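[1] Predicted model follows, preceded by the sequence.
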Amino acid sequence: MTLYEQITEKMKESMRAQDKETLSTIKLLKSAIDLNKINNKLDTVTDDLVIEVASKQVKTHRESIEEFRSAGRDDLADALAREIEIISEYLPTQLTKEELEKEINAIFDIVKPESKKDMGKIMKEANTRLKGRADFKMVSEIVNSKLGA
């Protein structure tokens, strides 16, 4: 069963269980996937597309959480955190910081960067290897610290 089919099933389950929070989150995710499919003129929805869209949703939710917390709106931040938990079910397991550092070391062995000018090459390789499995803000921080050292 594809991730898209799993999302559709989860939507049906949420309707039957009258779980409004899960249902609204799943509907938003499904709508974003469908919109991406239409905009990119795709025939089918692949697991890669689902992961890409879900990752973007999680990223924007995390950014919004930071803004809500700084504005003292913990209620809204908590609601978004619950949405992230629901969306994350459709993402690959996220790498720990230690695993991420190992992957970045392997990328450094491949790219062999000489200065910060090689950041683009490193991030391009990281994107292909770590797509959907890592927070790229953290990847960028680790890469910057390694290049600065």
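    Yes, it's here. Numbers count the residues shown, from 1 in each chain.
[2] Look at the residue in the chain sticking out farthest from the centre and give its secondary structure.
    When each C-alpha in the chain is compared with the mean C-alpha position (Cα atoms, centre = their mean), Glu114 comes out farthest, at 29.3 Å. Here Glu114 is recorded as coil under DSSP: H, G, I helix; E, B strand; the rest coil.
[3] where does it fall, phi/psi-wise?
    Backbone torsions for Glu114, taken as degrees, to the nearest 10, come to phi -110, psi -20.
[4] now do Val50
    Dihedral pair for Val50: phi -60, psi -40, per degrees, to the nearest 10.
[5] Help me confirm that Asp135 comes into contact with Leu91.
    No: in this structure, Asp135 is not within contact of Leu91 by Cβ atoms under 8 Å, at 10.9 Å. C-beta here means a position set from N, CA and C on the backbone, and glycine is covered the same way.
[6] And Glu103, how close does it get to Ala134?
    8 Å (Cβ to Cβ, to the nearest Å).
[7] Pull the number of nearby residues for Asn144.
    Applying the criterion other Cβ atoms under 10 Å, we find 13 residues in the vicinity of Asn144.
[8] Using the three-state scheme, assign it.
    Asn144 - assigned by three-state DSSP - is helix.
[9] ok, it to Met119 distance?
    8 Å.
[10] Glu85: how many residues sit nearby?
    Using other Cβ under 10 Å as the criterion, the residues surrounding Glu85 number 12.
[11] out of everything not next to it in sequence, what's closest to the residue nearest the centre of the chain?
    Nearest to the mean C-alpha position of the chain, by Cα atoms, centre = their mean, lies Ser55 at 2.0 Å. Closest residue to Ser55 apart from its sequence neighbours, by Cβ to Cβ, 6 or more residues apart in numbering: Gly132 at 5.1 Å.
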